[in-house]
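**Student:** 3D, please:
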Amino acid sequence: SCDALAKGFDVPDVKVCILCRPLRKSLTTHIQQIGRVMRQSPGKDMALVIDHTGNALRFLHDTVDFWANGVDELNEGAEKDRKAREITEKERTELTCLGCKAVLPSSVTCCPGCGRERPPKPSGVSVVGGSTHRLDLSLKPSRRFDYDAHPLLKDKGTAFQSFVAWATARKRGDEAAGRRWAGGIYKGVYGKWPPRTFDVLPHVPELATLDVESFCRREMARYARQRHAA
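**Tutor:** Next comes the predicted model:
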């Protein structure tokens with residue numbers, strides 16, 4: 001009978017256990033089988049389990065938990081409905097020694113059988129070469145215009161009033177909100193916020209022409225792209 005020595009067989013000085021019966025669900029049977037060589041005996045300080053079945057890998061995490069926390073009883077019936085354990089090829093590689101093929105719990109850093117150091121697990125982090133660049137945080141315009149020749153930008157005051165006219169119309173007549181938006185457009189164009197003296201410039205709705213609208217929409221789209229890239 002292949003199961004004759006699995007449970008209740010008590011010869012304390014036995015040092016070698018060879019597993020030949022594959023198990024899928026019964027942790028209790030696995031613990032009972034390897035327990036045959038784990039009895040204390042004078043002059044015995046270790047035992048060897050030679051596994052031809054993969055049980056040691058399939059039940060590795062359960063076995064470690066069993067030794068760490070224990071159980072109240074080893075009940076064969078309690079294990080019958082448990083999900084079958086499966087071991088993937090990746091786990092088989094990570095949990096066995098590259099030298100002697102001993103099963104290694106995840107907590108050990110070297111093989112207790114042959115002393116071979118366990119290779120570190122890949123971190124999954126890719127290292128990409130790069131370069132360091134100095135960021136210029138000065139308030140300079142992000143792009144340059146030919147201000148003197150630009151029909152809208154050659155006069156800063158008129159440009160700001162035009163931005164206010166368009167932004168206020170966009171904000172349904174809310175001039176305070178329009179001036180805030182206009183200030184942002186002005187900063188994007190000239191590289192700095194409008195001066196305080198511009199606060200008294202009047203709101204001239206007639207300046208919200210189609211050309212002003214096209215210019216402001218382009219500036220808003222450019223700002224959105226830069227913000228997304230950042």
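
**Student:** CA-only coordinates of the helix or strand of the chain with the lowest mean pLDDT, as CSV, when you get a sec.
**Tutor:** Taking mean pLDDT, DSSP states H and E as the measure, the helices and strands of the chain show their lowest mean at helix 89-94, namely a mean of 76. Output of helix 89-94 as CSV, limited to C-alpha atoms (Å, rounded to 0.1, in the frame of the first residue of the first chain):
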residue,chain,number,x,y,z
GLU,A,89,6.6,27.7,-13.8
LYS,A,90,7.6,31.1,-12.5
GLU,A,91,7.0,30.0,-8.9
ARG,A,92,8.9,26.8,-9.6
THR,A,93,11.9,28.8,-10.7
GLU,A,94,11.7,31.4,-7.9
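
**Student:** ok, and what's touching it?
**Tutor:** Identification of contacts with helix 89-94 by CB atoms under 8 Å, 6 or more residues apart in numbering yields 57, 121. In this view, the C-beta of every residue, glycine as well, is placed from N, C-alpha and C.

**Student:** List the buried residues of that helix.
**Tutor:** Taking 16 or more other CB atoms under 10 Å as the basis for neighbour counts, none of the residues of helix 89-94 comes out buried.

**Student:** Name the next helix or strand following that helix along the chain.
**Tutor:** helix 156-170 (DSSP states H and E).

**Student:** Contacts for that next one next, please.
**Tutor:** Contacts of helix 156-170 from elsewhere in the structure, counted by CB under 8 Å, 6+ apart, are 152-153, 174-175, 177-182, 185-186, 189-190, 194, 198, 201-209, 212-213, 216.

**Student:** Mind doing that once more with 7 Å?
**Tutor:** Identification of contacts with helix 156-170 by CB atoms under 7 Å, 6 or more residues apart in numbering yields 152-153, 174-175, 178-179, 181-182, 185-186, 190, 194, 198, 201, 203-205, 207-208, 212-213, 216.

**Student:** What's the first helix or strand after that helix?
**Tutor:** With DSSP H and E setting the assignment, the helix or strand that follows helix 156-170 is helix 175-190.

**Student:** Next, the angle from that next one to helix 156-170.
**Tutor:** Helix 175-190 and helix 156-170 meet at an angle of 130 degrees, taking axes from the mean of the first three to the mean of the last three CA atoms, to 10 degrees as the criterion.

**Student:** Quick check: buried residues in helix 175-190?
**Tutor:** Of the residues in helix 175-190, those with enough neighbours to count as buried (16+ other CB under 10 Å) are 178-179, 181-190.

**Student:** after it comes which helix or strand?
**Tutor:** Past helix 175-190, further along toward the C-terminus, the next helix or strand under DSSP H and E is helix 210-229.

**Student:** Show me what that following helix is packed against.
**Tutor:** Other elements packing on helix 210-229 under the criterion 3 or more CB pairs under 7 Å, 6 or more residues apart in numbering; DSSP states H and E are helix 156-170, helix 175-190.

**Student:** Now do the buried residues in it.
**Tutor:** Neighbour-count burial for helix 210-229, with 16+ other CB under 10 Å as criterion, is recorded at 212, 215-216, 219-220.
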